[in-house]
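what's the 3D shape of this:
(2 chains)
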Amino acid sequence: MPKSGDALEKFYIATAIPYVNAPPHIGHALEFVQADVIARYRRLLGEEVYLATGADENSLKNALAAEKLGISTEELCLRNSEAFKVLVDSMGISYSAFIRTSIKGDHWKTAQDLWSLCNKNGDIYKKKYKGLYCVGCELFYTENELVDGLCPEHKTKPELVEEENYFFRLSKYQNMLEQLLTSFKIKVTPHFRGNEALGFIKAGLEDFSVSRSVKRAHGWGIPVPGDESQIMYVWFDALAYYLTAAFFSVDEKRFRSLWPVDLHVIGKGITRFHALYWPAMLLSAGLETPKEILVHGYITVEGQKISKSLGNVIDPAALLKKYTSDEIRYYLIRDIPSFDDGDFSEKSLIDRVNKELLGDLGNLVNRVLTLAEKSGLKEFRGNSELESGIDIGSVQERFSNLELHEALERIMEFVRKCNAYVNSKEPWKLQGQELESVLYNLLESIRIAAILLFPFIPTTSLKISKMLDFEIKGISDCRFRDSFTGKITRQGYLFRKIE
RNA sequence: AGCGAGGUAGGGUAGCUCGGAGUGCCCGCCGGGCUCAUAACCCGGAGAUCGGUGGUUCAAAUCCACCCCUCGCUACCA
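Below is the predicted model:
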């Protein structure tokens, strides 16, 4: 809730950073959009929002892929990360920082500083690690990952390999983590994801490996401070990115103004890392734990899981050639539940755009503009009978519960009510004060709808604000003013019908 | 197997905490209306044994018990 008068409240929100060994797919776009919608909403509340994202590049897979292609790993990462950066930019994501973890500099120093803090606290120690290692994958497998005792990729028998690595004392934080989660000091949304994490804790936490040999890592990754023979485990360094983006090692004052993370936006596959490993690492380093973690589901395509072998990977870059970023943003939030898996289909994307963006919103704006222009009026006053058509409090509640699809649904319900209002009032038959009052209601309603829709479809909202000559500043403007006086200028259609 | 979530019209959902006529929303389907609007918009209708069985109750989608089905999580996977 906005607190007028007080200093600006900060809101630090961050997406997970995607592995860049594959190009972006629609699931990445979903996460970016969700984070951006929340970020833009918090700005409307008057908060100082900091949105971090980036690319996770220190994976062994990158080193292996680069070797295959005969290029340097740096070159490969640059190339692949660029695709993510382009996606983030073209989806209109209002990020404050884009961190690439393979770039030697702030991030390396931050990851190493975090390591040193944990180490100083006695939570990092050396241990012999024995595991089933597949030479082909260059990965350790657990018993139950194997298929008939063989590597699922190569169908070969993995070797029993022993290696000395550093371990993080996760077990030490078992009780503290349980306490943080049950007391909602770390709130996991939706709730059942938090229960999963708690269930995991109850089964007993074991320390986890946080390094591997330079050889096994192919020399790729961030060196362990004080031990040149070891490279940090990718997760340790990837999680440290949240500190890097907040200037942890370079600007203490700024860091203190940003920390802790108010909201992590992540996929369901990495809940454990964010709800358990990461808070434990922060506790060890003496840093504040995140306040909330939003866990979204995965996107299926025509009911099928996304996978390369099925060839059903949806390339958001290709979508962006056919549809505007607002159209894709709208579809992703509208059709994919915030907390669960959702199905992608281009047909329903087209349906949503044609039916709702064009048919409901675009049509409303267009018909009201025409009526307002024809009226010749410059100022509009009247009763405020349409104002009750939307319950701002209810929309805000949905936002703060992170039920983005529900928030959007409420707003679009209002848009439909406005269309019904036009039909029932038949303003084309009215004149004088009656006509003015109807137009006043519609213009004010469109203005409010545009503000509320701004987090979802910012480009469209800005277009509307230009046509009706108002500014999008904050949620507090979402109530009827005494009169509507904006200069109305038509600037074409908001949406084109997709055939 | 253990823990968790869920099964509501052809599809997708809300309602369930704190029982009160199967109530709501979106898509699809059928019929009508309007002409301000991008064949857009509005209204009405058909369509559900609210997973099953049993129980509590004057009354159950909602509470209790049992069963069936689906899906997540269970150590390094957006």
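
Look at A:G303 and report its pLDDT.
According to the prediction, A:G303 has pLDDT 64.

what sits against A:K172?
A:123, A:280 (CB atoms under 8 Å, 6 or more residues apart in numbering). Where you see a C-beta, it was placed from the backbone N, CA and C, and this is true even at glycine.

what about it, distance to A:D113?
Distance, A:K172 to A:D113, by CB to CB, to the nearest Å: 20 Å.

Same check on A:A63?
24 Å.

So between those two, which is more surrounded?
A count of neighbours by other CB atoms under 10 Å puts A:A63 above the other of A:A63 and A:D113, at 22 against 17.

Would you map the helices across the stretch 351-499 of chain A?
A:363-375, A:392-400, A:404-425, A:432-453, A:458-467 (DSSP state H, counting those that start in this stretch).

wait, which of the ones you listed is closest to A:F98?
Smallest distance to A:F98 across these (CB to CB): 18.6 Å, for helix A:458-467.

Off-centre distance for the closest one?
Centroid separation between helix A:458-467 and its chain, computed with CA atoms, centre = their mean, to the nearest Å, is 23 Å.

What residues sit buried inside stretch A:374-383?
A:375, A:380, A:382 (16 or more other CB atoms under 10 Å).

Tell me who's in contact with the closest residue to A:V368 other than its chain neighbours.
For A:V368, ignoring the flanking residues on the chain, the nearest one in space by CB to CB, 6 or more residues apart in numbering is A:L442 at 4.6 Å. Listed by CB under 8 Å, 6+ apart, the contact set of A:L442 reads A:364, A:368, A:371-372, A:386, A:418, A:421-422, A:427.

ok, and which of those reach RNA strand B?
The residues of the contacts of A:L442 that also fall near RNA strand B, by CB under 7 Å from any atom of the strand, are A:371, A:422.

filter the contacts of A:L442 to the buried ones?
The buried subset of the contacts of A:L442 (16+ other CB under 10 Å) comprises A:364, A:368, A:371-372, A:386, A:418, A:421-422, A:427.

Kindly reformat these as CSV and extend each row with distance to A:V261.
As requested, the buried ones among the contacts of A:L442 are exported to CSV (distance: CB to CB, whole Å):
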residue, distance to A:V261
A:L364, 39
A:V368, 42
A:L371, 48
A:A372, 45
A:L386, 40
A:C418, 38
A:Y421, 43
A:V422, 45
A:P427, 49
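
List just the nearest of those residues to A:E406.
Out of those, the member with the shortest distance to A:E406 (by CB to CB) is A:C418, at 19.4 Å.

so the closest one makes contact with A:N363?
No. Look at A:C418 against A:N363 with CB atoms under 8 Å: they stay out of range, at 10.1 Å.

any idea of the angle the helix or strand in which A:G27 is found forms with helix A:432-453?
Per DSSP states H and E, A:G27 falls inside helix A:26-44. Here helix A:26-44 runs at an angle of 120 degrees relative to helix A:432-453 (axes from the mean of the first three to the mean of the last three CA atoms, to 10 degrees).

which stretches of the stretch 1-150 of chain A aren't confidently modelled?
Along the stretch 1-150 of chain A, segments meeting pLDDT under 70 span A:1-7, A:134-139, A:141-150.

One more pass at 50, please.
Counting by pLDDT under 50, the stretch 1-150 of chain A shows low-confidence ranges at A:1-5.

Please name the bridge partners of the closest residue to A:G194 other than its chain neighbours.
Computed as CB to CB, 6+ apart, the closest residue to A:G194 that is not its neighbour in sequence is A:V188, at 3.3 Å. Beta-bridge pairing for A:V188 (DSSP bridges): A:I293.

Might you report the residue contacts of A:V188?
By CB under 8 Å, 6+ apart, the neighbours of A:V188 are A:181, A:194, A:197, A:271, A:275, A:292-293, A:295.

I am finished for the moment; much appreciated.
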